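Trainee: Structural data only, the sequence is not supplied:
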């Protein structure tokens with residue numbers, strides 16, 4: 001029996017939030033997971049040029065412009081086609097991106113986790129800001145663009161590409177010793193919660209647009225509403 005969409009959304013919100021809470025507790029309490037994390041880090045750390053280059057994809061100077069381009073494209077397409085509420089999805093994605101530092105920075109300050117032995121003395125490494133930036137920027141761009149792609153194959157490739165880029169950033173951060181593995185896992189959890197919330201917003205926009213179309217149909221002014229609803233359920 002397949003899981004309903006609301007149940008899947010609940011899992012995508014609840015499970016990552018719970019895992020993030022557990023990881024945060026372990027960091028604050030210096031729990032046993034940190035010993036496992038340290039051993040895993042020692043096994044994975046091997047700084048090289050590739051891992052360093054991968055981390056650049058999580059820099060806000062690269063990731064945020066990608067989201068801005070996607071948001072601008074979607075806004076232009078939506079306005080040109082007369083889509084109802086065309087401005088809401090791009091604005092929602094940009095607001096979500098702005099929330100990342102508002103959430104990550106206080107969490108870094110509160111947990112005050114030291115870096116790996118390869119990093120200079122200091123704290124504020126949990127969760128990984130680069131991973132969160134990459135996940136939310138590229139993930140939001142993917143959610144914005146998917147409804148405008150008519151090919152299921154292209155949509156699937158876009159999602160796979162987004163996942164690979166985010167994983168590449170995470171791997172580079174751990175491989176180069178910039179972050180502990182749990183730092184990036186915590187950011188994955190945060191990204192899952194934030195992107196699920198964005199997906200819910202986009203679905204709500206779809207519902208509102210369809211309601212407007214139905215009202216037009218009842219008043220005889222629907223016109224070409226079937227082509228004015230690009231925000232299909234994701």
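Mentor: Received the coordinates, thanks. Quick caveat: nothing in here was measured; it's all calculated off a predicted structure.
Trainee: Return the distance of residue 158 relative to residue 72.
Mentor: 17 Å (CB to CB, to the nearest Å). (Each C-beta comes from the backbone N, C-alpha and C, glycine too.)
Trainee: Pick out whichever of the two has more residues nearby.
Mentor: residue 158 (18 against 11; other CB atoms under 10 Å).
Trainee: what pairs with residue 123 across the strands?
Mentor: Going by DSSP bridges, residue 123 is paired in beta bridges with residue 114.
Trainee: for it, what are its contacts?
Mentor: Neighbour list for residue 123: 108, 112-115 [criterion: CB atoms under 8 Å, 6 or more residues apart in numbering].
Trainee: what helix or strand is the residue nearest in space to the middle of the chain on?
Mentor: Closest to where the C-alpha atoms of the chain average out (CA atoms, centre = their mean) is residue 136, at 2.7 Å. Residue 136 belongs to helix 129-145 when assigned by DSSP states H and E.
Trainee: List the contacts of stretch 35-50.
Mentor: Under CB under 8 Å, 6+ apart, the answer for stretch 35-50 is 116, 118, 172, 174-177, 180-182.
Trainee: what does stretch 92-103 rub up against?
Mentor: Under CB under 8 Å, 6+ apart, the answer for stretch 92-103 is 64, 67-68, 70-71, 129, 132-133, 136-137, 140-141, 143-144, 190, 194-195, 197-198, 201-202.
Trainee: Just the buried residues of those.
Mentor: Buried by 16 or more other CB atoms under 10 Å: 64, 67-68, 70-71, 129, 132-133, 136-137, 140-141, 143-144, 190, 194-195, 198, 201-202, out of the contacts of stretch 92-103.
Trainee: Can you show me the helices along this structure?
Mentor: 5-29, 33-44, 49-56, 60-81, 88-111, 129-145, 152-175, 181-218 (DSSP state H).
Trainee: Please work out which of these is packed deepest.
Mentor: helix 129-145 (a mean of 26; mean count of other CB atoms under 10 Å).
Trainee: Which strands and helices lie in contact with that one?
Mentor: Under the contact definition 3 or more CB pairs under 8 Å, 6 or more residues apart in numbering; DSSP states H and E, helix 129-145 sits against helix 60-81, helix 88-111, helix 152-175, helix 181-218.
Trainee: want to try a markdown table for those, with mean pLDDT and distance to residue 52 as columns?
Mentor: Output for those, formatted as a markdown table (pLDDT from 0 to 100; distance: least, CB to CB, whole Å):
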| stretch | mean pLDDT | distance to residue 52 |
| --- | --- | --- |
| helix 60-81 | 95 | 14 |
| helix 88-111 | 97 | 22 |
| helix 152-175 | 97 | 7 |
| helix 181-218 | 84 | 15 |
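Trainee: Show the end-to-end separation of stretch 108-126, please.
Mentor: Stretch 108-126 stretches 5 Å from its first residue to its last (CA to CA, to the nearest Å).
Trainee: Mind listing what's buried along it?
Mentor: Neighbour-count burial for stretch 108-126 flags 108, 111, 113, 115-116, 124-126 (criterion: 16+ other CB under 10 Å).
Trainee: Between these, which sits nearest residue 208?
Mentor: Nearest to residue 208 among the buried residues of stretch 108-126, counting by CB to CB, is residue 108 at 36.6 Å.
Trainee: rewinding a little: now distance to residue 14 too, for the helices and strands packed on helix 129-145, in TSV please.
Mentor: As requested, the helices and strands packed on helix 129-145 are arranged in TSV below (distance: least, CB to CB, whole Å):
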stretch	distance to residue 14
helix 60-81	26
helix 88-111	17
helix 152-175	21
helix 181-218	9
